[in-house]
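1. this one's sequence-less:
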């Protein structure tokens, strides 16, 4: 039986659950994880979001292991909404990795930046690492971002990730599972977001495709 998939990074709505199903149920240590992250947000109708910039929102502080690094190779667009979509997505990606490092599948930080399918997918993905007592080490590279904002309140984002220099690390032994380079290291993501009432861009859905020709660089 294989260990968790090598870094699908964020919430691939269905694929993260497949390994858990194939391996059977995990430990009983996290029965709270039976709750689906983001379910409460979906159940309650939120007020219409404001397109105005909210500067006093209290964002979660992201603390990551010193051996985990990021290269976000997407330049500012000059459009405030588009640039905030990119920066909030960066925080979401880091928040998922922090939840993995802290072994908390219901961590409040990634739930701050996600709802619905994206939050539920992230929860399942993080839970795989909790089950195997692994986290992520190395360097993740993100590039070729394309953002589209509609009406100031809805957005779509397509971007690539190179996982070739990021690996699973065992929290039990400290050993890093270094794998050989593969075309599957390159992943293209498509995300759907909305602006919430606090002025934060919330990822609500993410899909992915490994080995995409669009990410060859």
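-> Received, thanks. Values in this document were obtained by computation on a predicted structure and should not be read as measured data. Residues are numbered from 1 along each chain as shown.
2. How about the contacts made by residue 183?
-> 210-211 (C-beta atoms under 8 Å, 6 or more residues apart in numbering). C-beta here means a position set from N, CA and C on the backbone, and glycine is covered the same way.
3. Against residue 107, how distant is it?
-> 31 Å (C-beta to C-beta, to the nearest Å).
4. so what secondary structure elements neighbour the biggest helix by length in the chain?
-> Ranked by number of residues, the top helix in the chain under DSSP state H is helix 80-101. Using 3 or more C-beta pairs under 8 Å, 6 or more residues apart in numbering; DSSP states H and E as the contact test, the elements touching helix 80-101 are strand 68-73, helix 108-112, helix 116-132, strand 134-150, strand 154-170, strand 186-195, strand 201-210.
5. can you redo the ones you listed as CSV with distance to residue 177?
-> Formatted as CSV, the helices and strands packed on helix 80-101 follow (distance: least, C-beta to C-beta, whole Å):
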stretch, distance to residue 177
strand 68-73, 14
helix 108-112, 23
helix 116-132, 10
strand 134-150, 8
strand 154-170, 5
strand 186-195, 18
strand 201-210, 18
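6. Among the ones you listed, show me which one is buried the most.
-> helix 116-132 (a mean of 24; mean count of other C-beta atoms under 10 Å).
7. my read: residue 185 touches residue 163, true?
-> Yes - between residue 185 and residue 163 there is a contact at 4.7 Å, judged by C-beta atoms under 8 Å.
8. pLDDT weak spots in this structure?
-> Applying pLDDT under 70 to the chain flags the ranges 1-55, 217.
9. Tell me how far residue 174 lies from residue 111.
-> 29 Å.
10. for residue 94, same thing?
-> In terms of C-beta to C-beta, residue 94 sits 14 Å off from residue 111.
11. ditto for residue 181
-> 33 Å.
12. Residue 150 too?
-> 25 Å.
13. can you check residue 65 too?
-> For residue 65, the distance to residue 111 - C-beta to C-beta - is 20 Å.
14. in the sheet, who's paired with the closest residue in space to residue 81 that isn't next to it in sequence?
-> Leaving aside its sequence neighbours, residue 81 sits nearest to residue 149 (C-beta to C-beta, 6 or more residues apart in numbering; 4.6 Å). Residue 149 forms beta bridges with residue 155, as assigned by DSSP bridges.
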